[in-house]
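>>> what follows is a predicted protein model with its sequence.
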Amino acid sequence: MTRKTSCHLLDMLAEVPDPRKKKGQRHPLVSMLTLTVVGLLCGQRSYTAIAKWARLHPNLRKTLGFTAKQTPASSTFHYLYRRLDINAVENVLTQWTTQTLASLRIATSDLKGLAIDGKTLGNSHTEEARRTHLLAACFHELGIPIAECAVREKTNEIPVSIELLKAFDVSGLVITTDALLTQRKFCQEILDRQADYCLPVKANQKQLYEDIRDLFEPFDETDSPEVNQRRFENLHAEDGAHLQTYTDTENTKGRITTRTLTASTLLTQHTDWPGLQQVYQYITHQKSKKTGQVKCDTQYGITSLTPERASAADLLKLRRAHWTIENKLHWVRDTVFREDASSVRTGVIPQVMAAMRNTALSVLRFTGHTKITDARQYFAANPKLAVKIIKLETLQLNDPAGYA
């Protein structure tokens, strides 16, 4: 993270269209959206809590651009947020995220991963409708969400994932997902947008799964692993195919975990899967240091990255980093922002509030915070500083708490 960062959030939020008629508008929409983000930064969890909290901090009223004597009540938030154009909100926040990223000089690896995964909002359902399900895109290394789309009731993640790719420029990125999105059409869309994929393969792609599994299975179960490995290597040498294995060992949390990824190009000439360059086998071996219990898991996958661009070590890193979206986005929204405890379910309000939580989280990560709970406690005691990082275009980031 550089010492300076540019934050144009207020200007971007001002572009969200206001669904109200000009006559009778008491509170500016941009001020209400900004107050929501500030409240989330300061430890509040819902627009109802934010409305009450703002009344306890009247000095924030003019700072955030409110002209009425009091900040809006929770009913005002409810009435307005249920009518917002959620697509416009998401587009504006995606533009803000991409522009902020472009203004920063953040050191990342050559293979920039982007994870796509879905999340169902826990209490967002009614008797008539299912829970709100959102599909999000999040950068591996940064843990910053860049776009999010709702999966409507009569569809699924597959077509929505293609729309998500169109929300911003994905060229040069490596897309990772779960096995549900390992689809020909999705992979072709990734390639058409000058990006790459690194995806798991399971039984929903039966033929592809069986081809990869058969490739890595031993030639003869009665032979030793060494003999089978030698045959496997000879087969690749005869065909001029590339073969590489990488093993990583981790000793944490009372267990020893060994991860081995073997990548092969042997199937490249024998499949019509769009852009496929390598297939891989990913074996996880976990042993409990206390009980000695052993767990093994074998997965398979595909990638459009050539061996020259991505080694077995690179592919292992990409697959592990995919879970950034669970650990740094979905888990944080659930446990820190208490998203699943929220009872809002009217119209698009659940999606609006999810977008505001994404924005607050991005603000914290852009300004160097890694401990989100601690950061929110700090700003709860210093709400003026939360407003400052929202409003100022340039910040001196000597340390995460150095906003005074």
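Yep, that arrived. Keep in mind that what you see is a predicted model, and the values were worked out from it rather than measured. Numbering: from 1, shown residues only.
>>> quick one: low-confidence residue ranges for the stretch 151-300 of the chain.
154 (pLDDT under 70).
>>> now do the strands in it.
Using DSSP state E, counting those that start in this stretch, the strands of the stretch 151-300 of the chain run over 173-176, 196-201, 243-252, 255-264, 278-288, 294-303.
>>> Val363 is nearest to which of these?
Among the strands of the stretch 151-300 of the chain, strand 173-176 comes nearest to Val363, with 22.4 Å by C-beta to C-beta. The way it works is simple: take the backbone N, C-alpha and C, and place the C-beta from them, glycine included.
>>> center of this protein - which residue?
Taking C-alpha atoms, centre = their mean as the criterion, Cys138 is the residue nearest the geometric centre of the chain, at 2.5 Å.
>>> secondary structure class for that residue?
Here Cys138 is strand, with the state taken from DSSP: H, G, I helix; E, B strand; the rest coil.
>>> isn't it up against Leu114?
Yes. Between Cys138 and Leu114 there is a contact under C-beta atoms under 8 Å: 7.2 Å.
>>> so what sits against both of those two?
Ile146 (C-beta atoms under 8 Å, 6 or more residues apart in numbering).
>>> before we move on, the earlier item: look up how far His8 lies from the residue nearest to the centre of the chain.
21 Å (C-beta to C-beta, to the nearest Å).
>>> what of His78?
Taking C-beta to C-beta, one finds His78 at 28 Å from His8.
>>> number of residues surrounding the closest residue to Asp18 other than its chain neighbours?
Distance criterion C-beta to C-beta, 6 or more residues apart in numbering; nearest residue to Asp18, sequence neighbours excluded, is Leu29 at 4.4 Å. By other C-beta atoms under 10 Å, 18 other residues sit near Leu29.
>>> for Leu29, give me its contacts.
Val16, Asp18, Arg20, Leu80.
>>> helix or strand: which one has the closest residue in space to the third one that isn't next to it in sequence?
Closest residue to Arg20 apart from its sequence neighbours, by C-beta to C-beta, 6+ apart: Leu80 at 6.9 Å. Remark: Leu80 resides in helix 74-81, with elements defined by DSSP states H and E.
>>> elements contacting that helix?
Helices and strands touching helix 74-81, by 3 or more C-beta pairs under 8 Å, 6 or more residues apart in numbering; DSSP states H and E, are helix 29-41, helix 47-55, helix 349-366.
>>> what angle sits between the first one and helix 74-81?
Regarding helix 29-41 and helix 74-81, their directions subtend 120 degrees when assessed with axes from the mean of the first three to the mean of the last three C-alpha atoms, to 10 degrees.
>>> buried stuff in helix 29-41?
29-41 (16 or more other C-beta atoms under 10 Å).
>>> for the stretch 301-404 of the chain, give me the ranges with low pLDDT.
Across the stretch 301-404 of the chain, the ranges flagged by pLDDT under 70 are 392-404.
>>> so where do the strands sit in it?
Under DSSP E, counting those that start in this stretch, the stretch 301-404 of the chain gives strands at 394-396.
>>> which residues in it form helices?
Listed in chain order, the helices of the stretch 301-404 of the chain (DSSP state H, counting those that start in this stretch) span 312-321, 324, 331-335, 349-366, 372-381, 383-391.
>>> which one of the ones you listed lies closest to Ala51?
Short answer: helix 349-366, nearest of the helices of the stretch 301-404 of the chain by C-beta to C-beta, at 12.9 Å.
>>> give me the helices and strands touching the closest one, please.
helix 29-41, helix 74-81, helix 86-103, strand 133-139, strand 145-150, helix 331-335, helix 372-381.
>>> need the CA coordinates for the first one. PDB is fine.
Think helix 29-41. Below are the C-alpha coordinates for helix 29-41, written out as PDB (Å, rounded to 0.1, in the frame of the first residue of the first chain):
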ATOM      1  CA  LEU A  29     -29.500  11.100  -1.200                       C
ATOM      2  CA  VAL A  30     -25.700  11.400  -1.300                       C
ATOM      3  CA  SER A  31     -25.700  12.500   2.300                       C
ATOM      4  CA  MET A  32     -27.800   9.500   3.300                       C
ATOM      5  CA  LEU A  33     -25.600   7.000   1.400                       C
ATOM      6  CA  THR A  34     -22.400   8.600   2.900                       C
ATOM      7  CA  LEU A  35     -23.900   8.500   6.400                       C
ATOM      8  CA  THR A  36     -24.700   4.800   5.900                       C
ATOM      9  CA  VAL A  37     -21.000   4.100   5.000                       C
ATOM     10  CA  VAL A  38     -19.700   6.200   7.900                       C
ATOM     11  CA  GLY A  39     -22.100   4.500  10.300                       C
ATOM     12  CA  LEU A  40     -20.900   1.000   9.200                       C
ATOM     13  CA  LEU A  41     -17.300   2.200   9.600                       C
END
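>>> and that helix with helix 86-103, angle?
Using the same axes, to 10 degrees: helix 29-41 against helix 86-103 is 70 degrees.
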